[in-house]
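**Q** coords please:
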Amino acid sequence: MIKLFAQCAALALVTMLAACAPKTPEPLEPPPPLPGYEAMEDGGFQIAAVDPRLMADGYQRIEVIYTGEEKAGNVVVDPFARKLYLVQEGGMATRYGIAVGREGLSFKGAGVIGRMEKWPSWTPTANMVKTRPDLYMEFAGGMSGGLDNPLGSRAMYLYRNGKDSNFRIHGTIDNNSIGHATSAGCIRLYNQDAIDLYGRVKMGAKVKVRSYDESLALEGPYMEDAYGRAVPDTPENQAIKLQDAAALAAAEAANPALAAYHAAARAEEEAARRQAQAAGGN
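**A** Alright, predicted model coming up:
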């Protein structure tokens, strides 16, 4: 989100300066969406295309070699690397980028998909209504499915011992959240990815949520970049984070409202990160 803001601000400045020239250039076209992330119609709803700039850190759906022990058809969620895998035959898997909320971080171990819904309805938990009535009270009786629904286009519900665990894999109304730890929700995917996963996974499929130690062994160390997205913890990414953090600090110094917005977002992500560490035993 912050990265997109900076890009949009730069574009606005270029446009303003160009207005002083004798001839105004044609406006820049937005980058075309990547295959599989175009705008689409589904169930009577028009899903917007995903901005390809959101996938610069590896959050695009892709087929990868899978080194875990899970069998084909299983789903593996890594809340620390913020990736989800649908294991395929032949040592391969489809990998999706995810956002991880506090409810998603509270689940440990494994379960099975016991329910699947297209354009699901949503009801906030009693605790959500109690702690933030200003946000959730009006939806205490439930919210029908649609583009404004936090569960997005699809939801897959995890069960344990025949009971709903309150862990969901679902779409999102905020594409910018993918790659982040968020203050609410479970496991979010782009709506296009939620639809793709829904069409591939089977009812009763096992879902494994990795611990921190399992993530570290299979994915290597991850860090959060200057924008709060999980990226591999490498010297190169550490250097990029310092550069981006300096650019963000300059932008915030020039815009107090932006600084306040970023501070609130960072506070939410820090709270979610701490919960992730507690859940993973680190």
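**Q** so who does the nearest residue to G43 once chain neighbours are set aside touch?
**A** Residue nearest to G43 in three dimensions, not counting chain neighbours: W119, with 5.1 Å by C-beta to C-beta, 6 or more residues apart in numbering. Placement of C-beta: from N, CA and C, glycine included. Applying C-beta atoms under 8 Å, 6 or more residues apart in numbering to W119 gives the contacts 42-43, 45, 145-146, 149, 153-154.
**Q** is it possible to export those to JSON lines including secondary structure?
**A** Compiled in JSON lines, those are given as follows (DSSP: H, G, I helix; E, B strand; the rest coil):
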{"residue": "D42", "secondary structure": "strand"}
{"residue": "G43", "secondary structure": "coil"}
{"residue": "F45", "secondary structure": "strand"}
{"residue": "G145", "secondary structure": "coil"}
{"residue": "G146", "secondary structure": "coil"}
{"residue": "N149", "secondary structure": "coil"}
{"residue": "S153", "secondary structure": "coil"}
{"residue": "R154", "secondary structure": "strand"}
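**Q** assumed R95 was part of a strand.
**A** Yes: assessed by three-state DSSP, R95 belongs to a strand.
**Q** count the residues that sit near it.
**A** Around R95 there are 22 other residues, counting by other C-beta atoms under 10 Å.
**Q** phi and psi next, for K71.
**A** Main-chain torsions, K71, degrees, to the nearest 10: phi -90, psi 160.
**Q** for the residue lying closest to Q60 once chain neighbours are set aside, give its distance to M137.
**A** Leaving aside its chain neighbours, Q60 sits nearest to L34 (6.1 Å; criterion: C-beta to C-beta, 6+ apart). Per C-beta to C-beta, to the nearest Å, L34 is found 39 Å from M137.
**Q** just G162 next, same as before
**A** Distance, G162 to M137, by C-beta to C-beta: 31 Å.
**Q** what is the strand ranked longest in the chain packed up against?
**A** Longest strand in the chain, counting residues (DSSP state E): strand 109-118. Judged by 3 or more C-beta pairs under 8 Å, 6 or more residues apart in numbering; DSSP states H and E, the packing partners of strand 109-118 are strand 154-160, strand 163-170, strand 206-209.
**Q** list just the one of those strands that sits closest to I65.
**A** Of all these, strand 206-209 sits nearest to I65, with 17.9 Å by C-beta to C-beta.
**Q** in the closest one, what counts as buried?
**A** 206-209 (16 or more other C-beta atoms under 10 Å).
**Q** that one pairs with which strands, and in what direction?
**A** Using DSSP bridges, the strands paired with strand 206-209 are strand 75-78 (parallel), strand 109-118 (antiparallel).
**Q** so which of these is nearest A99?
**A** Here strand 75-78 is closest among the strands paired with strand 206-209 (C-beta to C-beta), at 11.6 Å.
**Q** alpha carbons of that closest one, in CSV - could you do that?
**A** Taking C-alpha atoms only, strand 75-78 is exported to CSV below (Å, rounded to 0.1, in the frame of the first residue of the first chain):
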residue,chain,number,x,y,z
VAL,A,75,-2.8,-27.8,1.8
VAL,A,76,0.1,-26.4,3.7
VAL,A,77,0.0,-22.9,5.3
ASP,A,78,3.2,-21.1,6.3
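**Q** mind jotting down where the helices sit in this structure?
**A** 2-18, 102-105, 126-131, 133-136, 191-200, 212-219, 235-254, 256-280 (DSSP state H).
**Q** how much space between A230 and V50?
**A** With the distance defined as C-beta to C-beta, A230 ends up 18 Å from V50.
**Q** who has more neighbours, these two?
**A** Neighbour comparison, A230 and V50: the larger count goes to A230, with 28 against 22 (by other C-beta under 10 Å).
**Q** nearest residue to that one other than its sequence neighbours?
**A** In this structure, A230 finds its nearest non-sequential neighbour in R82, 4.3 Å apart by C-beta to C-beta, 6+ apart.
**Q** swap in V207?
**A** V75 (4.5 Å).
**Q** settle this for me: L105 is touching F80, isn't it.
**A** No: counting by C-beta atoms under 8 Å, L105 stays clear of F80, with 9.6 Å between them.
**Q** per-residue pLDDT, K108?
**A** The model reports K108 with a pLDDT of 84.
**Q** my read: it touches R210, true?
**A** No: taking contacts as C-beta under 8 Å, K108 lies outside contact range of R210: 9.6 Å.
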